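Enquirer: when you get a sec, could you give me coordinates for this:
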Amino acid sequence: MGCSPSPARDSHRIAGLLARRGNRIVPVNPQAAGAEIHGARCVSRLTDLDDPSAVDVVDIFRRADAAGAHVDEAIAIGARAVWMQLGVVDHAAADRARAAGLTVVMDRCPAIEIRRLRLD
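Expert: Next comes the predicted model:
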């Protein structure tokens, strides 16, 4: 959520890292809808996905004040987890996600966690 087509943006870089590690990514960004990012067509919102029920993790690269709406989208499509990036903290949204059965990671970066856990 919030994946940028600009290689200068962290969301673009992290999506690329995840894709190189074998994860299927689907970029979501209303301003970039239709663009190709790391070999995948960008969609406007999670509900635009061909099979939203196949989403394991929604990685949220948005400001904290916008994250809650995307957490609610993740809940609505039946995602299994939400991951809010470094600096993105929304306790109320995290509580809603947990109550809906989602795993929640908040204020963390996959690139850092992969190195920390030596998963690369």
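
Enquirer: who touches Val58 in this structure?
Expert: Under the criterion of CB atoms under 8 Å, 6 or more residues apart in numbering, the neighbours of Val58 are Met1, Leu46, His70, Val71, Glu73, Ala74, Ala79, Ala81, Val82, Trp83. From N, CA and C alone the C-beta is placed, and that goes for glycine too.

Enquirer: ok, now with 7 Å
Expert: Contacts for Val58 were tallied using CB atoms under 7 Å, 6 or more residues apart in numbering; they are Met1, Leu46, His70, Ala74, Ala79, Val82.

Enquirer: what's the answer for Trp83, then?
Expert: The contact partners of Trp83, taken as CB under 7 Å, 6+ apart, are Val57, Asp59, Ile60, Val105, Pro110.

Enquirer: looking at the contacts of Val58, which are in strands?
Expert: In this view, those that belong to strands under DSSP state E are Val82.

Enquirer: ok so, going back, nearest to Arg41 among the contacts of Trp83?
Expert: Distances from Arg41 to those, taken as CB to CB, are shortest for Asp59 (17.0 Å).

Enquirer: please consider this matter closed, and thank you.
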